[in-house]
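Novice: Here you go, sequence then predicted model.
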Amino acid sequence: MSQIKLIACDLDGTLLLNGAQTLSEETLELVEQICKKGICFLPASGRQYPNLQRLFAPVADRILYLCENGALVMKDDKPLIKQIIEWDLAMEICHAILERPEAEVLISGERTSYIIPKHESYTTFLRDEVKNNITIIDQPEEIFEPIMKVSFMTKPQDRDVVGDALGKVFAGRAMMVTSGTEWIDFAPMGTSKASALKELGEILGIRPEEMAAFGDNENDRTMLELVGHPYLMENCNPTMKNIKGATPCHRVEEELQKLL
């Protein structure tokens, strides 16, 4: 493992399997061992920063955080990298989602998720199951901070229908990426987990070939294609099977143990 200086790991469907919302003691102990070896570990997720802090609480001050699918990287509780959607475009995306009755909107600030819930179950899901910081608003124009990402959540069978419709509207103006079976994210053009990792590597003096990454879905594609040591979950999205050179992974912990 001496040639690996950074490990980036997706959460949902990768480190968190079968809908899990907490990390095991085994996982946290492995992260602790990785940090003690001087290797940079960072969760690489579409989730918000406070959510990731809570998940990794026992080692929270030892790791970095790649949040919001690459729009935000946090180090020592401060933004190291931050991408912002142009305000008028963000508002347009928000209202386009609000017009779709089958879709719920999530607007990403640095430390909270702004929502305009159509159903109480959406609020309950984000607050009590996902454990996000949430702020309920009536209109997106009420937000008074830069917006990094706008997402929508639907039932799995509706995701691609809504995504195709909105993708045609915002093609060439915003990055659109699937994030799990129910979510699609819109972010500033050029924003991805790979763009964040590449910039982070330049800051830290770590080359892509010295990085390992674990992932399972399309929002992980660029990250896995960037790093020298990609690991692809066996239960990945079938569209990811064409990632070249990826090591199949059943459980992240098993592979981390081998590397240690």
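Specialist: Happy to help now that I have it. None of these values were measured; they are calculated from a predicted model.
Novice: and L23, how far is that from L106?
Specialist: Noted for L23: a distance of 22 Å to L106, by CB to CB, to the nearest Å. C-beta: built from backbone N, CA, C; applies to glycine.
Novice: Excluding chain neighbours, what is closest to I136?
Specialist: Excluding its sequence neighbours, the residue lying closest to I136 (CB to CB, 6 or more residues apart in numbering) is I115, at 5.9 Å.
Novice: what residues are up against L204?
Specialist: K5, L6, C40 (CB atoms under 8 Å, 6 or more residues apart in numbering).
Novice: now swap in K193 and tell me
Specialist: With CB under 8 Å, 6+ apart, K193 has these contacts: A8, D10, A44, L66, N69, G70, A213, G215, N219, D220, T222, M223.
Novice: Dump those residues into TSV; add pLDDT as well.
Specialist: Converted to TSV, these look like this (pLDDT from 0 to 100):
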residue	pLDDT
A8	97
D10	95
A44	96
L66	97
N69	90
G70	94
A213	97
G215	94
N219	88
D220	93
T222	93
M223	96
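Novice: ok so, going back, please narrow the contacts of L204 to those residing in strands.
Specialist: Secondary structure from DSSP state E places L6, C40 of the contacts of L204 in strands.
Novice: residues touching the residue nearest to I136, list them.
Specialist: E104, V105, L106, I107, Y122, T123, L126, I134, T135, I136, I137.
Novice: So what pairs up with it in the strands?
Specialist: L106, I136 (DSSP bridges).
Novice: what about it, distance to L126?
Specialist: I115 is 7 Å from L126, by CB to CB.
Novice: before we move on, back to that, just the contacts of I115: which has the poorest pLDDT?
Specialist: Lowest pLDDT among those: L126, with 94.
Novice: Who are the contact partners of that residue?
Specialist: Here L126 is in contact with L106, S113, I115, N132, I134 (criterion: CB under 8 Å, 6+ apart).
Novice: For these, give me JSON lines that also has distance to P230.
Specialist: As requested, the contacts of L126 are exported to JSON lines (distance: CB to CB, whole Å):
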{"residue": "L106", "distance to P230": "28"}
{"residue": "S113", "distance to P230": "29"}
{"residue": "I115", "distance to P230": "34"}
{"residue": "N132", "distance to P230": "28"}
{"residue": "I134", "distance to P230": "33"}
